[in-house]
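Colleague: Need a 3D model of the following:
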Amino acid sequence: MRSFRKYHRILAIILALPIAVTLLTGIAVTLLGEWSINIGIPRSLLLSIHNGEIFGFQGIYPILNGLGLLGLLVTGLSMTGLFGRRTSKPKRNETRQN
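Modeller: Below you'll find the predicted structure:
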């Protein structure tokens, strides 16, 4: 359990900035495209940031974001105990005295 916490913490620190950038640019692109809200930044620039194209990572950026989120999901779910082995509890003796 502790190792999952350690990995989860490390992944969260590493992925905080790229996921935040992807999240914010995705919201901004949607606002510009679907709702015609002008935020003063061209949609093409936001899309190039969103896809990692502006950094030269367009081929790997979405894959790394996805793998990072998958890692956070796995480590986070493992810490919940939902998928742990369940041990059977000894049954209580339910004899009643009359």
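
Colleague: how about the residue most central in space within the chain, secondary structure?
Modeller: Note on the chain: the residue nearest the mean C-alpha position is Leu69, at 3.8 Å, using Cα atoms, centre = their mean. Going by DSSP: H, G, I helix; E, B strand; the rest coil, the secondary structure assigned to Leu69 is helix.

Colleague: So which elements touch the lengthiest helix in the chain?
Modeller: In the chain, assigned by DSSP state H, the helix with the most residues is helix 2-34. On a contact count with 3 or more Cβ pairs under 8 Å, 6 or more residues apart in numbering; DSSP states H and E, helix 2-34 meets helix 43-50, helix 61-80. C-beta: built from backbone N, CA, C; applies to glycine.

Colleague: For Ala28, find the nearest of those helices.
Modeller: Ala28 sits nearest to helix 43-50 of all those, at 5.1 Å, using Cβ to Cβ.

Colleague: ok, and for the closest one, which residues are buried?
Modeller: By neighbour count on 16 or more other Cβ atoms under 10 Å, the buried set for helix 43-50 is 46-47, 49-50.

Colleague: same thing with stretch 72-83?
Modeller: Buried residues in stretch 72-83, counted by 16+ other Cβ under 10 Å: 72, 75, 78.

Colleague: who's in contact with the second one?
Modeller: Read it as Thr75. Residues near Thr75 by Cβ atoms under 8 Å, 6 or more residues apart in numbering: 4-5, 7-8, 11.

Colleague: And for the first one?
Modeller: Applying Cβ under 8 Å, 6+ apart, one finds that Leu72 lies in contact with 8, 11-12, 15.

Colleague: Of the residues you listed, grab the buried ones for ChimeraX.
Modeller: In ChimeraX, this line selects whichever of these come out buried by 16+ other Cβ under 10 Å:
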select :8,11,15
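
Colleague: Let's have the contacts of Leu72 in CSV, adding pLDDT.
Modeller: Conversion of these to CSV gives the following (pLDDT from 0 to 100):
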residue, pLDDT
His8, 88
Leu11, 87
Ala12, 91
Leu15, 91
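
Colleague: Many thanks, we can stop here.
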